[in-house]
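K.L.:
can't give you the sequence, but here's the structure:
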């Protein structure tokens, strides 16, 4: 799976090597099926896929994504596809011998790709035949996370790289590097952060603040995660570690991080603050034990989302943040995809209506009695023949908690009617009162309720 811009995620269909699915943030329950034209797209452990922001080609907003694979002869082949409606068409293709093992790839723009090997960072112009060396690492690296960040206000493209040796940032103007010839020397001015004693281990992922517009050359903060902590890299190059003891980070063993643009307004103090309350952003972190997120300004800044209430498994492989009209987090675990979003417009009345819609839907197994008699006025658990699949016919068996769940919902609807005067609440409370009374009647002893009917 690969993020292709702020409102979509693209991933390959496991059933075929020539079909991809597009997940849109504006309609997260719908997928768009994409077809590939030309080229073999069978993925393997030696293949890397990445994509950058949407690009403007021929006056149309299109999406481009890049895939690079190393064959048995150490030849590295890169193919870049252009998304045209629902068809992926080859845009650029090149291949070159790479001496060292490839460990990461980043699409910077159409035609421009950066590739990290164990010893070098390489520049590929897909119209050329050979790559250029951007940087040689001091020692061989085993991991590299590459991301680019384009700023309209300055015209610069910022490039960030996290490796075994630290966190590195540089910038360039895209027009300049497009003009580089094969024999030219490519040199960047790097800002090097040695993180050996700053972080708790290798940086597994990082993300940065997204600004709609910037009036200055200020990058904003960058959030990184490692084996035991969440770290903030500030605009002046300083770092702040959020750990479990003082800052209350819930889990270790992080795998991914994403910064959402629906946090608080970016106050000036948030760019330097060393407190959870003043970070001015929302951060989602994926771990091997679930997802947690930081939302500053709340009485409890850390929220934990784990277990099947939220996720299809707790071992988060990757996490992608979508910042479109319906923002949220797309989480990939060992059992599938989970979509996490926040409905800020939902009232208590809306939530109550959703609960009662399920109660009155017939899922409890006695819908043949009509809407006036769901489960004889009782509430009980629902079982599905397939985990997490409500489309299959549900089943319900006797439960010794029927009286408990019914009494809780009866009390809630009674309080609701007392506060709001909503007649629907009274009707619902009457149904569940009759169910509770049924548990009394079947025993024939006043004060002794049956467990179920």
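P.N.:
Nice, I can see it. In this text, all values refer to a predicted model and were calculated from it rather than measured experimentally.
K.L.:
leaving out chain neighbours, which residue sits closest to residue 195?
P.N.:
If the residues on either side of it in the chain are set aside, residue 195 comes closest to residue 166, at 4.6 Å by C-beta to C-beta, 6 or more residues apart in numbering. To be clear about C-beta, it is placed using only N, CA and C from the backbone, and glycine gets the same treatment.
K.L.:
ditto for residue 112
P.N.:
With C-beta to C-beta, 6+ apart as the criterion, residue 112 has its nearest non-adjacent residue at 6.2 Å, and that residue is residue 125.
K.L.:
give me the phi and psi angles of the residue nearest to residue 195.
P.N.:
Summarising the backbone geometry of residue 166 under the convention degrees, to the nearest 10, its torsions are phi 140, psi -160.
K.L.:
ok, now which ones touch it?
P.N.:
By C-beta atoms under 8 Å, 6 or more residues apart in numbering, the contact set of residue 166 is 192-196.
K.L.:
right, and residue 341 touches residue 331 too?
P.N.:
No: the pair formed by residue 341 and residue 331 falls short of the contact definition of C-beta atoms under 8 Å, at 11.3 Å.
K.L.:
on that earlier part again, of the contacts of residue 166 - the most surrounded one?
P.N.:
Of all these, the most densely surrounded is residue 195 (23 neighbours; neighbours counted as other C-beta atoms under 10 Å).
K.L.:
need the contact list for that one.
P.N.:
By C-beta under 8 Å, 6+ apart, residue 195 lies in contact with 166-167, 203, 239.
K.L.:
same question, residue 291
P.N.:
Contacts here follow C-beta under 8 Å, 6+ apart; on that basis residue 291 touches 284-285, 304-306, 310-311, 316, 319, 329, 331, 340.
K.L.:
picking that back up, among the contacts of residue 166, which lie within strands?
P.N.:
Residues from these lying in strands, with DSSP state E as the criterion: 192-193.
K.L.:
lowest pLDDT pick from the contacts of residue 166?
P.N.:
When those are compared on pLDDT, residue 196 comes out lowest, with 75.
K.L.:
now it, nearest residue through space, not along the chain?
P.N.:
Beyond its immediate neighbours in the sequence, the residue positioned closest to residue 196 (C-beta to C-beta, 6+ apart) is residue 166, lying 7.0 Å away.
K.L.:
straight-line length of stretch 244-251, end to end?
P.N.:
Using C-alpha to C-alpha, to the nearest Å, the end-to-end distance of stretch 244-251 comes out at 8 Å.
K.L.:
how close does the residue nearest to residue 196 get to residue 121?
P.N.:
Here the distance between residue 166 and residue 121 works out to 13 Å (C-beta to C-beta, to the nearest Å).
K.L.:
mind listing what's buried along the helix or strand where residue 419 lies?
P.N.:
In the assignment (DSSP states H and E), residue 419 maps to helix 402-420. Residues 402-403, 406-407, 409-410, 412-414, 416-417 are the ones in helix 402-420 that count as buried (16 or more other C-beta atoms under 10 Å).
K.L.:
what do you get for stretch 164-182?
P.N.:
Applying a neighbour-count criterion of 16+ other C-beta under 10 Å, the buried positions in stretch 164-182 are 164-172, 177.
K.L.:
buried residues in stretch 225-238, which are they?
P.N.:
225-226, 228-234.
K.L.:
how about residues contacting stretch 332-352?
P.N.:
Residues outside stretch 332-352 that contact it (C-beta under 8 Å, 6+ apart) are 1, 23, 28-29, 262, 284, 291, 305, 310-320, 326-331, 412-413, 416, 420, 422, 425.
K.L.:
what secondary structure does the most centrally placed residue in the chain sit in?
P.N.:
Here the mean C-alpha position of the chain is nearest to the C-alpha of residue 320 (C-alpha atoms, centre = their mean), at a distance of 2.7 Å. Residue 320 carries the three-state label strand when classified by DSSP: H, G, I helix; E, B strand; the rest coil.
K.L.:
what pLDDT does it get?
P.N.:
pLDDT, residue 320: 82.
K.L.:
ok, it touching residue 327?
P.N.:
No: here residue 320 does not reach residue 327: they are 11.6 Å apart, not a contact under C-beta under 8 Å.
K.L.:
not counting its neighbours along the chain, what's nearest residue 328?
P.N.:
The spatial neighbour of residue 328 that comes closest, neighbours along the chain excluded (C-beta to C-beta, 6+ apart), is residue 341 at 3.2 Å.
K.L.:
number of nearby residues for that neighbour?
P.N.:
Using other C-beta under 10 Å: residue 341 sits among 13 other residues.
K.L.:
ok, now residue 247?
P.N.:
The local packing count at residue 247 equals 17, with neighbours defined by other C-beta under 10 Å.
K.L.:
next up, the contacts around the nearest residue to it once chain neighbours are set aside.
P.N.:
Sequence neighbours aside, residue 276 is the residue nearest to residue 247 in space, at 6.1 Å (criterion: C-beta to C-beta, 6+ apart). Neighbouring residues of residue 276 by C-beta under 8 Å, 6+ apart: 242, 247, 294, 296, 301.
K.L.:
quick one on the thing from earlier: just the buried positions in whichever helix or strand comes after the helix holding residue 419, please.
P.N.:
With elements assigned by DSSP H and E, the helix or strand that comes after helix 402-420 is helix 423-441. Buried residues in helix 423-441, defined by neighbour count with 16+ other C-beta under 10 Å: 425, 428-429, 431-436, 438-439.
K.L.:
just stretch 245-258 next, same as before
P.N.:
Taking 16+ other C-beta under 10 Å as the criterion, stretch 245-258 shows 247, 249-252, 254-258 as buried.
K.L.:
same check, this time on stretch 185-194
P.N.:
Buried residues in stretch 185-194, counting neighbours by 16+ other C-beta under 10 Å, are found at 188, 193.
K.L.:
returning to what we had before: state the pair within the buried residues of stretch 225-238 that is farthest apart.
P.N.:
Spanning the widest gap among those are 228 and 234, at 20.1 Å by C-beta to C-beta.
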